[in-house]
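[1] Okay, here's the prediction I keep looking at, along with the sequence it came from:
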Protein chains: 2
Amino acid sequence: MKQLQKVNSPADIKKMSVSKLKELAQDMRDAIIKGVHTHGGHYGPDLGIVETTIALHYVFNSPSDKFIFDVSHQCYPHKMITGRKDKFLTEEGSKKYTGYTNPDESEHDFFTVGHTSTSISLATGLAKARDLQGQKGNVIAIIGDGSMSGGEAFEGLNNAAELGTNFIVIFNDNDQSIAENHGGMYLKFKELRETNGQAEDNFFRAMGLDYRFVADGNDVEAMIKALEDIKDIDHPIVLHVVTQKGKGDKAAEINKEAYHWILPDSVDTSTWGESYEQMAANYMLEEMKHDPSLIAICPAVPGGLGWTKENRDKAGKQYWDPGIAEEQAVAMAAGLAKGGAKPVIFDIGTFLQRTYDQLIQDLCINSNPATIISASLNGGISDADVTHSGAFDMAMMGSIPNLLVLSPASKDEFMDMFKWSIKQTKQPVVIRTGPVVREINTGATFDGDLSYQIIEKGNQVAVLGLGNFYDLAVQVKDELAKKLGIKATLINPRFSSGIDEKILQALAKNHQLVVTLEDGILDGGFGEKVARFYGPSAMKTLAIGQRRENTDRVPYEELVQRYHLSPELIVRDIKNILE
Amino acid sequence: MKQLQKVNSPADIKKMSVSKLKELAQDMRDAIIKGVHTHGGHYGPDLGIVETTIALHYVFNSPSDKFIFDVSHQCYPHKMITGRKDKFLTEEGSKKYTGYTNPDESEHDFFTVGHTSTSISLATGLAKARDLQGQKGNVIAIIGDGSMSGGEAFEGLNNAAELGTNFIVIFNDNDQSIAENHGGMYLKFKELRETNGQAEDNFFRAMGLDYRFVADGNDVEAMIKALEDIKDIDHPIVLHVVTQKGKGDKAAEINKEAYHWILPDSVDTSTWGESYEQMAANYMLEEMKHDPSLIAICPAVPGGLGWTKENRDKAGKQYWDPGIAEEQAVAMAAGLAKGGAKPVIFDIGTFLQRTYDQLIQDLCINSNPATIISASLNGGISDADVTHSGAFDMAMMGSIPNLLVLSPASKDEFMDMFKWSIKQTKQPVVIRTGPVVREINTGATFDGDLSYQIIEKGNQVAVLGLGNFYDLAVQVKDELAKKLGIKATLINPRFSSGIDEKILQALAKNHQLVVTLEDGILDGGFGEKVARFYGPSAMKTLAIGQRRENTDRVPYEELVQRYHLSPELIVRDIKNILE
C-alpha cells in the first residue's frame, strides 16, 4: 500500500510516473479485494475500472472537470483517489462512506446516484449549464455494466449530440451486465471489440457522435494517452474502453455474475432459507414443463430473485432478460399477456419505479393479466441506501386503477397468491414480497377473493397488519391484551391497492379505532385509504408506516423509534387516542 | 368516395387493382381532410400514412398478422379499412370511435394506446407469445413522428434483435415530431434519406437488426412491393419508409407543427385568453434577456405550452427540446440545476408519468431545484381519452419526499409561485396548472410560505379547495350558507404534497368536518393526507375527487354526478355527515 498511502487527493497522483501509477493500481486493487471481502459491496465492476479511473484523474482536473459515474457502483477507485481510501482500509471508514457517489462526502461527486442509465442525461445537464454560463471544463460520463441497455442512456446519447460542445462519454465495456448482457446492441459491441473499433454500423456514430476505441482499458498508459487526446475536445465524443470485470481476482474474472456484488466473507448464508422469489421460480420451472406459455422476465437482476444461471438454463426460451430496461419488461409483458402467454416479471421494487407509465398504460388500461413480483429484499422500511429504498412501491401503485397489489402474510399465502395470479386472466397483479419468509399459518387459502381475513374477532380496536407487518400486528394485539386488557380484532388485509368496505363497515359496530400497519410510505399508502373511508364517520384511525421522507442507511432500530414500529410504541399511541 | 364506400374490411381492398387502390387513397385522404376539419383530431400524421396503411392491409392478413401502431394517433386509415370509416363520414361515427386503437372497437386493434414509444416493446411481447405457443403470423410495429426518440423505443429495438424470429418494424420517417425532430439520431436519419438508405453507421443495423429502405412511402405500389418482399420474413427487420406528413393538404405539408393535431373548424379560438403556460413562457422570455442561466425544457409538446416557434426562436440556446424523452428532460434538468442554471420543464401531466423514477432519484433525493409545470390541459378530472387522463399527476407525486407540488388558485398566485420557484435554490417544485386561468384575487402573494391561506373564517365546516377546485370550494361555501345556514371556513391550501398541520390543528377547535376538494384521483391524493392527519381525532373528513378508476371520454357532467363535484351534491353529503 506504499503508493496508495501517498494519495489523499487527485493532485497526489499527477506527480507520479507511469510505473508508480501501476504500483498504485495494484495497491488500489488490493484495497478493494480486502475491503469488499470484509465489508461487502460491489466488487467486479470496481476491480475492472481501477486503471481507467487513475487515468481519468491523472489527465483531467476534478472537480473543475466533472466525472459522473453511472449507477456509481464503480466509483470505489474514484473514492480512493479523492480522499476516501479509508472506506476500504479501516472499520470506521467502511461505515463513514457510502457505496455510491455522494456530494455530501466530496466536492468530486455531483450526484447521489444508485439507479441505472442516468449518467449521460445528468451530464448533458451539467454541460449545458456550463455552456449557458460561459464556463469551461470537461464533462465526462462513465457508463458500463449493462447500463447502456436502459432507455434513458439512449435518450442521453441522442441529446448529447445536439450539445455541439465538449462532452465525453467513457463507455466501459466489460462485456457483462450483472448477469450476461442482452440485446442486439451488445452483439455489435462485440464486433467492435473484435475489430479494434473498426466494425461497420457503429452505434455511437449512428447517434451522431464522434467515437474512439481503446482495446485495453486496464493499461494505464494507453488510457492516459487516449484521454489526453480527447481532453478539452470541442464536441461530443464516446471513448469505447474495453476492460476486464473482476480483474486481479481470478474467481471474479471467471464468475463475473457471482462477483458483481458480494456479501462480507463473515456472513454465513448456509442457514438462509428459500426466498419468496426462489419459491416462485421453482414453481414456475415445474409448471413450464407442461405449459409452454409461461415465461419469466427479469430485468437484469436474476441472481437475487431466484433466477440463477442454472434456473435460467432450465427455463430456456421461457426466460427473458430484457436488459436493465423495466419499461420494456412491462410493455413486453403486456404484449405477451395479450398474445395469450403468461408472463411473470421478477424485479426489485425500487427499480419498478422506472416503469410507472407502462404499468398504467400498457398493463392496467388494457387489463393485460401479467404478474409482477415486487421484491423488497431489505424490507420496505429499512436501513437501505437512499437510492434503493423499498418503501415507495406500494404508494406508487396505490393510485393506479385496475392494478391489484397483494401483500402475502405468509409463505403459504404467497404461494396461493402466485398460483392464482398466473392462472387468472382478468387483470395485472403485483405481489409484494419481503425479506423474511414467514412459515406461520393464517388458516386461509387465497383464491382471488379480496375479503379481509379476520384472524381473531375482538372489539374496541382492530389491527390490520399488511404483509411484512402482519407479525407486528400479532404482537400489537398481544400487547393490547397485556397492557390495556383489550381483546383486539386481528386482520390480515392481504392487499394494499384497495379496501374491503364490507368488513370495514362491519367493524364500526363494536370498534372505536382501526390501526393500519404497513411496510412503506404512509402518503398514498394503504392506511390513508382506510382513513379516508372512515373520514365521514365516528371511527378513529391510526396509520403506522414511514413518513414521507428519504432515509439513507438509517439503522432499523432508529426507524422503529422514529415511526413507532414496535408493539410498545404503537400501544402507547393507541392508549393516547382512546383516552 | 366511390372506392372507400366499397371497403368494410381488409378483404375488400385485396381484390383491388393498383389504380383502384390509388383512387381509394384519394378517397381516404378526402375523408380525413373533411372529417378532421369537422370534428378535430390528428391530421398531418394520418394524411401521411394513407398509402403505407393501404399497402399493409393489402399485403398482410390482419388480424392474424398483427399491426401495432405507436401512439396510435396515425391509425385513422387503419380504422377506415377495418370497418370504421364512419368515424370520418358521419356525425354518429365521429362520436362512436375513439382517436386511437381500441380492442373494444375491433379485432384488428390489440392495445388501447395513447402514449409514445411503446409499439416495439408491445410487439416484442406479441411475437414472443406467438413463438412460445408455436403459432404463425407476422408481427408489425409502426412507429414514427418523433416516437423513436423515447428510450422505450430503443429498449424495444434492442430486445427485438434477440427474438430471432419474424418481427417487422415500419419506421415511418416523416422528418418531423410534433414540432421539429431533435437529437443526433435524426441527423443520421437525414443521411439515410439522402443516400437511399445507404449511408454508413446505420442506427438499426447498429442495434443488430436487418434493414431496408423505401424512398417514397406515399407510393402505394412501391410500398406493396417492399412489404411483399419482407412478408413472413424469418428474422427481425426494420423497413425505413419515407413519407410526407400532411400529404394532400398544402397548408399541412408546409406547417407541419400546426397541423399535427387540429381543432374542429367550428371552434373559435380568438376569444381564448392567455394560458398559464403562455404567461410563464412570456415571463421567462423577459427574464432570459438578463439571465443566461434560465432555460426552458419542453419534451416535444411545445406549441400548446407557450413555446410556439416564435418563442422558441426568441429563447434560442435557452430553449431545449429533448425529444419525446421525459426521463432525459428531468435528469438533464437535475444536471442543469446542479450546475447552477435554472431549468423549467414544461410538460403535460400525463406524460410526466414516464419520468417517475427521475423525479425521485435525480431531482428529489439530490434536492436539485428545477421547476416543472405539470399542465392539465383538459383539467385533472375530465372527459379526456383514457390514455390522456390528467387525474393522476398529483397522486403520483404525492408520495415523493422533498417534492413540493403547488396548485395555484388564480392567475396572480400562479405567477407568484412561478417567479418564486425559479428564484429558490432549495428543492424541486412542480406547479400544477389547469385549463382555466382564474382572474380572481385571493388576496395573498406567495413567497414560499406553505401556510394555508384562510380566505374566510367560519365554523362547523371547513372547505379546502385545491387549485382548479378553488372555485368549487367558494360555491360550496355559499351553498352551505344558503341551504344549511352554516358559515363555513374557506381555505386555499395552495399545495397538495403535504399539509399545514398548524392550521388543521387549529380548525379542530370550532369545526366538526373538513371537506377537501381536489381535481384528481383520491387515492394517494391531497384529501387522504388530511384524512390521515385527523384519523386519531374526533374531526370528520370528506374527500371529494375522482375514484380510483379509469374514465374514457366520459362527459364531465356525468363525472360530476358520479363523484359529487357540484355544490349541491357536496352540500347534501355534508348534511348527511353532520346529521
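    Here it is on my side, so go on. Remember, predicted model here, so these are calculated numbers, not experimental data. Residues are numbered from 1 along each chain as shown, chains lettered A, B, ... in the order given.
[2] List of residues touching the helix ranked longest in chain A?
    For chain A, the helix that runs over the most residues, judged by DSSP state H, is helix A:18-39. With contact meaning CB atoms under 8 Å, 6 or more residues apart in numbering or on different chains, helix A:18-39 is reached by A:1-4, A:7, A:13, A:16, A:41-43, A:46-47, A:50-51, A:54, A:58, A:76-77, A:80, A:85, A:87-89, A:94, A:220-221, A:224, A:247-249, A:262, A:264-266. Where C-beta positions appear, they are placed from N, C-alpha and C, glycine not excepted.
[3] mind listing what residue A:420 touches?
    The contact partners of residue A:420, by CB under 8 Å, 6+ apart, come to A:446-448.
[4] do the same with residue A:400
    Neighbouring residues of residue A:400 by CB under 8 Å, 6+ apart: A:359-360, A:364, A:497, B:392, B:548.
[5] any idea which helix or strand carries it?
    Using DSSP states H and E, residue A:400 is not contained in any helix or strand.
[6] hmm, back to that, buried residues, the longest helix of chain A. List them.
    Neighbour counts over helix A:18-39 (16 or more other CB atoms under 10 Å in any protein chain shown) mark A:21-25, A:27-29, A:31-33, A:35-37, A:39 as buried.
[7] Only C-alpha atoms, please: export that helix in PDB.
    Listed next in PDB are the C-alpha coordinates belonging to helix A:18-39 (Å, rounded to 0.1, in the frame of the first residue of the first chain):
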ATOM      1  CA  VAL A  18       3.700   5.600 -15.100                       C
ATOM      2  CA  SER A  19       5.500   2.800 -13.100                       C
ATOM      3  CA  LYS A  20       4.400   4.400  -9.900                       C
ATOM      4  CA  LEU A  21       0.800   4.600 -11.200                       C
ATOM      5  CA  LYS A  22       1.000   0.900 -11.900                       C
ATOM      6  CA  GLU A  23       2.000   0.200  -8.400                       C
ATOM      7  CA  LEU A  24      -0.800   2.400  -7.200                       C
ATOM      8  CA  ALA A  25      -3.200   0.400  -9.300                       C
ATOM      9  CA  GLN A  26      -2.100  -2.700  -7.600                       C
ATOM     10  CA  ASP A  27      -2.400  -1.100  -4.200                       C
ATOM     11  CA  MET A  28      -5.900   0.000  -5.000                       C
ATOM     12  CA  ARG A  29      -6.900  -3.400  -6.300                       C
ATOM     13  CA  ASP A  30      -5.500  -5.000  -3.100                       C
ATOM     14  CA  ALA A  31      -7.500  -2.500  -1.000                       C
ATOM     15  CA  ILE A  32     -10.700  -3.300  -2.900                       C
ATOM     16  CA  ILE A  33     -10.200  -7.100  -2.600                       C
ATOM     17  CA  LYS A  34      -9.600  -6.800   1.100                       C
ATOM     18  CA  GLY A  35     -12.100  -4.100   1.900                       C
ATOM     19  CA  VAL A  36     -15.000  -5.500  -0.100                       C
ATOM     20  CA  HIS A  37     -14.400  -9.100   1.200                       C
ATOM     21  CA  THR A  38     -14.600  -7.700   4.700                       C
ATOM     22  CA  HIS A  39     -17.500  -5.300   4.400                       C
END
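[8] Residue in the stretch 301-450 of chain A with the shortest distance to chain B?
    Relative to chain B, the nearest point of the stretch 301-450 of chain A is residue A:335 (1.9 Å; CB to the nearest CB).
[9] name the helices or strands packed onto the helix or strand where that residue lies?
    Assigned by DSSP H and E, residue A:335 belongs to helix A:326-338. If you count contacts as 3 or more CB pairs under 8 Å, 6 or more residues apart in numbering or on different chains; DSSP states H and E, helix A:326-338 packs onto strand A:294-297, strand A:342-348, helix A:356-358, helix B:119-132, helix B:151-163.
[10] Let me know the angle separating the helix or strand just after the shortest one from helix A:326-338.
    In other words, helix A:356-358. Remark: after helix A:356-358, the chain's next helix or strand is strand A:371-375, criterion DSSP H and E. Strand A:371-375 runs at 150 degrees relative to helix A:326-338, counting by axes from the mean of the first three to the mean of the last three CA atoms, to 10 degrees.
[11] now strand A:371-375 and strand A:342-348, what's the angle there?
    Per the same axes, to 10 degrees, the angle that strand A:371-375 makes with strand A:342-348 is 10 degrees.
[12] As PDB, could you dump the C-alpha coordinates of strand A:371-375?
    Once non-C-alpha atoms are left out, strand A:371-375 reads as follows in PDB (Å, rounded to 0.1, in the frame of the first residue of the first chain):
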ATOM      1  CA  THR A 371     -48.000 -11.000 -12.800                       C
ATOM      2  CA  ILE A 372     -45.200  -8.900 -11.200                       C
ATOM      3  CA  ILE A 373     -43.200  -9.800  -8.200                       C
ATOM      4  CA  SER A 374     -42.100  -6.600  -6.500                       C
ATOM      5  CA  ALA A 375     -39.300  -7.700  -4.200                       C
END
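[13] Who are the contact partners of residue A:459?
    Neighbours of residue A:459 in contact, by CB under 8 Å, 6+ apart: A:487-489, A:510-511.
[14] Check it and give its pLDDT.
    Note on residue A:459: pLDDT of 97.
[15] how near is it to chain B?
    19 Å (CB to the nearest CB, to the nearest Å).
[16] next one: residue A:285
    15 Å.
[17] My read is that residue A:264 contacts residue A:43, right?
    No. Checked against CB atoms under 8 Å, the pair residue A:264 and residue A:43 is beyond contact range at 11.3 Å.
[18] okay, those two: which has more neighbours?
    residue A:43 (26 against 12; other CB atoms under 10 Å in any protein chain shown).
[19] The more buried one and residue A:248 touch, don't they?
    No. Counting by CB under 8 Å, residue A:43 sits too far from residue A:248 to count as a contact (10.5 Å).
[20] rewinding a little: any chance of the contacts of residue A:420 in a markdown table, with neighbour count, pLDDT and distance to residue B:346 too?
    A markdown table is the format used below for the contacts of residue A:420 (neighbours: other CB atoms under 10 Å in any protein chain shown; pLDDT from 0 to 100; distance: CB to CB, whole Å):
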| residue | neighbour count | pLDDT | distance to residue B:346 |
| --- | --- | --- | --- |
| A:446 | 22 | 93 | 46 |
| A:447 | 11 | 92 | 48 |
| A:448 | 14 | 95 | 44 |
